[in-house]
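> Got a predicted model here, sequence first, then my questions.
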Amino acid sequence: MFRLNAAGRSRLKTSLFSTTFLVAVFTVAAPTILPCPATRYPVGADSGDMKAMDRRTYLAKRREYLSRQQSKENTLSKD
C-alpha cells in the first residue's frame with residue numbers, strides 16, 4: 001500500500017485546491033471567452049420571417065420589446 005508522508009500530503013492538498021480553483025475560474029470565465037453554441041432565436045420561432053432575420057435585427061427588436069415591457073411595469077408600479 002502506498003503511504004504519503006507529511007510533505008507529500010501537503011503537496012497533494014495544494015495541487016487539489018489549486019486545480020479546483022482553476023477549474024472554478026475557468027467555469028466562470030468560459031462564457032466570456034467561448035461563444036454560446038445555442039441559437040439566438042427564441043424557442044418556437046418557426047416562421048420563416050424570424051429565421052431569415054439577422055442577429056442585429058433580432059437583437060434590436062428584442063431590446064424594443066424589453067423596453068416596452070419595462071415601461072409597462074413602471075407604469076403599473078406607479079399606480
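Perfect, I can see it now. Residues are numbered from 1 along each chain as shown.
> Off-centre distance for stretch 63-71?
22 Å (C-alpha atoms, centre = their mean, to the nearest Å).
> mean confidence for it?
The pLDDT scores in stretch 63-71 average 87.
> same question, stretch 20-28
For stretch 20-28, mean pLDDT is 94.
> Now tell me what touches it from outside.
Stretch 20-28 has contacts (C-beta atoms under 8 Å, 6 or more residues apart in numbering) with no other residue. C-beta coordinates here come from the backbone N, C-alpha and C atoms, glycine included.
> for it, which positions count as buried?
Buried residues in stretch 20-28, counted by 16 or more other C-beta atoms under 10 Å: none are found.
> Just the C-alphas of that stretch, formatted as CSV.
Below are the C-alpha coordinates for stretch 20-28, written out as CSV (Å, rounded to 0.1, in the frame of the first residue of the first chain):
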residue,chain,number,x,y,z
THR,A,20,-10.3,23.2,-8.0
PHE,A,21,-9.7,27.0,-8.0
LEU,A,22,-8.5,27.0,-11.7
VAL,A,23,-11.5,24.9,-12.8
ALA,A,24,-13.8,27.3,-11.0
VAL,A,25,-12.2,30.4,-12.5
PHE,A,26,-12.4,28.8,-16.0
THR,A,27,-16.0,27.9,-15.5
VAL,A,28,-16.9,31.5,-14.7
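> So the residue nearest in space to the middle of the chain versus Val25, what's the distance?
Using C-alpha atoms, centre = their mean, the residue of the chain that lies closest to the mean C-alpha position is Pro31, 5.3 Å off. Per C-beta to C-beta, to the nearest Å, Pro31 is found 13 Å from Val25.
> so how many other residues sit close to Tyr58?
Other residues lying near Tyr58 total 15 when counted by other C-beta atoms under 10 Å.
> Give me the neighbour count for Lys72.
Lys72: 10 neighbours (other C-beta under 10 Å).
> Repeat that for Arg62.
13.
> what does Gln69 give?
Quick note: Gln69 (other C-beta under 10 Å) scores 10 neighbours.
> Which of the helices or strands spans it?
Assessed by DSSP states H and E, Gln69 sits inside helix 55-78.
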